[in-house]
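[1] fold the following.
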Amino acid sequence: MKIRILLYFIGLILLNACSSTNISASWKAPDYTGKTFEKILVWGLSDNVSARATVEDEVAYFLNLKKITSVSGSDIAPPDRKALPHKMEDAKAILKKNGFDGVLTMGLIDKKEETHYVEGTGTYAPMAYGYYGSFYSYYPYMYGNVYQPGHYESSESIFIETNLWDVTTGKLVWSAQTKTVDPSSIENFANSYARDIVSEMIKRGVIIPKK
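    This is a model prediction of the structure:
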């Protein structure tokens, strides 16, 4: 019994340590059939320089791991967005000059605190033997349920919009919204988000890795 209780709490710790990211919606341009990009710029749209760099680096890491050449926006762009070119043609010229033919942008669209009710549970704990000896032994055997009352739990959900742009045409070719629940830190969020969004793009044929 002690071992089972210990394993139960270890499981809870592991679950709480890892956040999960789910694709809640996605869209692909009707005429887009996937592309092997030569070089992708991973660009976080945020004024939080530290968080932006962490997410960018993690996404670029997972893309490069899949043989998709990628660079974190923080490596080439100034932290102050006011220093970036305002004209589309100037931005396009900079992208082409650096050899980028794709841009992956990421932006926070919502952040919610959600509360839900967890129903009470019962754990069956019968006696090993002798339960027919008397009513006092039979009763706890048949009704030995340790009841845990219901309670409310809060969770934080982060919603991100991810867009893939073709530099040559300037058009949006793919977009998705993700929901990440209960990240314990920005590093935990970045890892969960990056791992799942890169996996989704490859699985759906949005980005085709180099052979």
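[2] burial count for the closest residue to D166 other than its chain neighbours?
    In this structure, D166 finds its nearest non-sequential neighbour in V173, 5.2 Å apart by Cβ to Cβ, 6 or more residues apart in numbering. Quick note: C-beta positions are derived from backbone N, CA and C, even for glycine. Neighbouring residues of V173 were enumerated by other Cβ atoms under 10 Å; the total is 20.
[3] same deal with K39?
    Here the neighbour count serves as a burial measure; for K39 (other Cβ under 10 Å) it reads 15.
[4] isn't it right up against K97?
    No - the pair K39 / K97 is not scored as a contact, 11.6 Å apart, by Cβ atoms under 8 Å.
[5] for the record, mean pLDDT for stretch 191-201?
    Model confidence over stretch 191-201, given as mean pLDDT, is 93.
[6] give me the buried positions along that stretch.
    For stretch 191-201, burial by neighbour count (16 or more other Cβ atoms under 10 Å) applies to 191-198, 200-201.
[7] likewise stretch 44-55?
    By 16+ other Cβ under 10 Å, the buried positions in stretch 44-55 come out as 44, 46, 51-55.
[8] next: stretch 201-211.
    Taking 16+ other Cβ under 10 Å as the basis for neighbour counts, the residues of stretch 201-211 that come out buried are 201-202, 206-207.
[9] ok, which pair from the residues you listed is furthest apart?
    Longest distance between any two of these is 7.5 Å, between I202 and V206; criterion Cβ to Cβ.
[10] strands of the chain, residue ranges please.
    If you assign secondary structure with DSSP state E, the strands in the chain sit at 20-28, 40-44, 70-72, 102-118, 121-124, 145-148, 151-166, 172-181.
[11] and the third one, what other elements does it pack with?
    Contacts of strand 70-72 with other secondary structure elements, assessed using 3 or more Cβ pairs under 8 Å, 6 or more residues apart in numbering; DSSP states H and E, are made with strand 40-44, helix 49-65.
[12] so, low pLDDT: which residues of this protein?
    Residue ranges of the chain with pLDDT under 70: 1-19, 78-86, 114-155.
[13] break it down into its domains, please.
    Segmentation of the chain into domains, based on automatic domain parsing, reads 19-117+150-203, 119-146.
[14] picking that back up, quickly compare the strands of the chain and say which is most buried.
    Burial of those is given as mean neighbour count (mean count of other Cβ atoms under 10 Å); strand 40-44 ranks first at a mean of 25.
[15] you'd agree S70 is up against K39?
    Yes - look at S70 against K39 with Cβ under 8 Å: they come within range, at 7.3 Å.
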